[in-house]
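Chemist: no sequence for this one, just the structure:
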């Protein structure tokens, strides 16, 4: 049986005296954690979170975020983490599309919710996560002031979480992940990360992201101790590693880059840090080389996947993180690793047939971690899960040892600083500006972010619009990380294919000339 709540009951059995969560002076031991979750679940049930009802959260990282996940699961509900970087119209879409009845929010986002609350017809209750709850608001700890309820017993194929991902058509899609999907994927990753009972784990990557959720489940699997930073900040990360003797953590390559090149790095004792998992965007070789030099005691594991896979499909184990040409593990550093146990990986052509070893095709996978489907999007679900395979939309090749190399994207997607940006969504936003006649959004190389969002715009005859004006227009409608960081204008029409589609491959060429691959 695969059950998220069963994991925390086991953790209480096998490591009862260990810290489960520690944050801002609050500390809960594993022996206490299931009972606290059962009381919180009781409070949520009284607000209408019964089996399959959705509860959302919009907040920075905290111990209460961690409790939220398991309390919703205990009540039998479905958790919906909201990206903290979204613009108000996007938050409205996520909440309305999910049909969330309850929203947990902290002080950073309560003002935003107050401005859009009249646009959220399904939302019935707002729970405040901070300690300084407004007098009229229901606080998180208030939910625990109830008698505990029995676990709803959700397991296996029961829906557990709704994680939204960007849409190729400009609208975010709700990825439905089951109890099995989320439990299995953490079990697949745990041995490679060498998670051990009692590990001290730091959450600094955003907890709304499916990758950090994998670390949340991993901590429960080994009854580890969870520590939290509200958001990533290099000095605070290094302070936490030193003070809490952190052993395991997740960071995206941009975060690792900021830490290993920080001038204050030598001032901190980071010897406790055993393993860092990274992913969400490609790792520049110069950054991982620097990391291996300045953190010689730390093992690095790369994870590749997507939300639809809960999220990990492949991992590059620590021994392959080497630039030593004498090593038996040399030559794999530019790969995304091998399939994790339980995942079958294939490179398929446009007819869904396997290609020869070393040839490029679409990366496809199947396994018990692959999603149930997209919420209320049957046609897109069938397309993505065509033939029983998850079609990732990434172009790649596999070598004779089963190592995967990502070379391009079939889907029109950009990964900037670990965040997925779908070009169609940005283009739809640009087209809402009256001066835009034609536009194309592409990813271009960026030393800090891997890729940055760049727009090429043809203005309507007689219309005027500056780069600054168009970027400001985008920021009013979509999250800042999705907005173009740069815009170039041209007077001639954009190049089109015979079918009338904009030839983005031609538009990308000048930017990616001399690069190893056509994505960051």
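Modeler: Right, received. Where do you want to start? Being a predicted model, the structure only gives us computed values, none of them experimental.
Chemist: mind listing what residue 426 touches?
Modeler: 441, 453, 455, 474, 478, 482-484 (C-beta atoms under 8 Å, 6 or more residues apart in numbering). Bear in mind the C-beta positions are built from the backbone N, C-alpha and C, glycine included.
Chemist: ok, it to residue 456 distance?
Modeler: 12 Å (C-beta to C-beta, to the nearest Å).
Chemist: return every residue with contacts to both of the two.
Modeler: Counting by C-beta under 8 Å, 6+ apart, the common neighbours of residue 426 and residue 456 are residue 441.
Chemist: which stretches of this protein have low pLDDT?
Modeler: Applying pLDDT under 70 to the chain flags residues 135, 166-170, 280-282, 284, 408-411, 497-501, 514-520.
Chemist: and the residue most central in space within it, backbone torsions?
Modeler: In the chain, the centroid-proximal residue (C-alpha atoms, centre = their mean) is residue 209; its distance is 3.2 Å. Note on residue 209: its backbone torsions stand at phi -80, psi 140 [degrees, to the nearest 10].
Chemist: that one and residue 250, how far apart?
Modeler: Residue 209 is 9 Å from residue 250, where distance means C-beta to C-beta.
Chemist: buried ones in the helix or strand containing residue 89?
Modeler: Taking DSSP states H and E as the definition, one finds residue 89 inside helix 88-98. Residues of helix 88-98 classed as buried under the neighbour-count rule (16 or more other C-beta atoms under 10 Å) are 90-91, 93-95, 97-98.
Chemist: between those residues, which is nearest residue 293?
Modeler: Lowest distance from residue 293 to the buried residues of helix 88-98 (C-beta to C-beta) belongs to residue 90, with 39.9 Å.
Chemist: I'd guessed that closest one sits against residue 478; true?
Modeler: Yes - between residue 90 and residue 478 there is a contact under C-beta atoms under 8 Å: 6.2 Å.
Chemist: I figured residue 139 hits residue 128, correct?
Modeler: Yes - counting by C-beta under 8 Å, residue 139 touches residue 128, with 5.3 Å between them.
Chemist: the two - which one has more neighbours?
Modeler: Ranked by neighbour count (other C-beta atoms under 10 Å), residue 139 and residue 128 place residue 128 first, with 21 against 17.
Chemist: same for the helix holding residue 89, what does it pack against?
Modeler: strand 54-58, strand 78-81, helix 110-116, strand 159-165, strand 173-178 (3 or more C-beta pairs under 8 Å, 6 or more residues apart in numbering; DSSP states H and E).
Chemist: closest one to residue 420 among these?
Modeler: strand 159-165 (6.5 Å).
Chemist: check the contacts of residue 426 and tell me the two furthest apart.
Modeler: Across the contacts of residue 426 (C-beta to C-beta), the longest gap, 12.4 Å, separates 455 and 478.
Chemist: pretty sure residue 449 contacts residue 419?
Modeler: No - if you go by C-beta under 8 Å, residue 449 and residue 419 don't touch, sitting 9.1 Å apart.
Chemist: so the most far-flung residue of the chain relative to its centre, which of the three states?
Modeler: In the chain, counting by C-alpha atoms, centre = their mean, residue 462 sits farthest out from the average C-alpha position, at 42.2 Å. Of the three states, residue 462 takes coil under DSSP: H, G, I helix; E, B strand; the rest coil.
Chemist: quick one: it and residue 431, what's the gap?
Modeler: Applying C-beta to C-beta to residue 462 and residue 431 gives a distance of 17 Å.
Chemist: pairing partners for the one helix or strand residue 365 maps to, with directions?
Modeler: Secondary structure from DSSP H and E places residue 365 in strand 361-366. Strand pairing for strand 361-366, using DSSP bridges, gives strand 344-348 (antiparallel), strand 390-398 (antiparallel).
Chemist: roughly how far out does the first one sit from the chain middle?
Modeler: It stands for strand 344-348. Strand 344-348 sits 23 Å away from the centroid of its parent chain (C-alpha atoms, centre = their mean, to the nearest Å).
Chemist: could you number the chain from 490 rather than 1 from now on?
Modeler: I'll keep to 490 as the first residue from here, and by that count the last item is strand 833-837.
Chemist: list the contacts of it.
Modeler: 802-803, 828, 843-844, 848-856, 878, 880, 885-887, 891, 893.
Chemist: that one: which residues count as buried?
Modeler: Result for strand 833-837 [16+ other C-beta under 10 Å]: buried residues 834-837.
Chemist: which residue ranges make up each domain of the protein?
Modeler: As assigned by automatic domain parsing, the chain contains the domains 493-808, 906-1001.
Chemist: pick the most deeply packed of the ones you listed.
Modeler: domain 493-808 (a mean of 20; mean count of other C-beta atoms under 10 Å).
Chemist: end to end on that one, go ahead and measure it.
Modeler: 31 Å (C-alpha to C-alpha, to the nearest Å).
Chemist: for the stretch 740-889 of the chain, which segments count as strands?
Modeler: 764-768, 788-794, 801-805, 827-828, 833-837, 850-855, 862-863, 879-887 (DSSP state E, counting those that start in this stretch).
Chemist: out of those, flag the one nearest residue 651.
Modeler: strand 862-863 (9.9 Å).
Chemist: and stretch 746-758, how far apart are its ends?
Modeler: 18 Å.
Chemist: any idea which of the domains of the chain gets closest to residue 865?
Modeler: Among the domains of the chain, the nearest to residue 865 by C-beta to C-beta is domain 493-808 (7.4 Å).
Chemist: circling back to that earlier point, so which of the strands of the stretch 740-889 of the chain gets nearest residue 638?
Modeler: strand 862-863 (29.4 Å).
Chemist: packing partners of that closest one?
Modeler: strand 662-667, helix 867-873.
Chemist: dump these to CSV, plus distance to residue 522.
Modeler: Conversion of the helices and strands packed on strand 862-863 to CSV gives the following (distance: least, C-beta to C-beta, whole Å):
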stretch, distance to residue 522
strand 662-667, 22
helix 867-873, 35
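Chemist: for residue 518, find the nearest of these.
Modeler: Using C-beta to C-beta, the nearest of the helices and strands packed on strand 862-863 to residue 518 is strand 662-667, at 28.7 Å.
Chemist: quick one: list the elements packing against the next helix or strand after that closest one.
Modeler: Using DSSP H and E, the helix or strand that follows strand 662-667 in sequence is helix 668-682. When contacts are defined as 3+ C-beta pairs under 8 Å, 6+ apart, helix 668-682 packs onto helix 493-503, strand 648-654, helix 699-710, strand 764-768, strand 788-794, strand 801-805.
Chemist: so which elements touch the longest one?
Modeler: Right, helix 699-710. helix 493-503, helix 552-564, strand 648-654, helix 668-682, strand 689-692, strand 714-717, strand 737-740, strand 764-768.
Chemist: which one of the ones you listed lies nearest to residue 756?
Modeler: Nearest of the helices and strands packed on helix 699-710 (C-beta to C-beta): strand 689-692, 18.3 Å.
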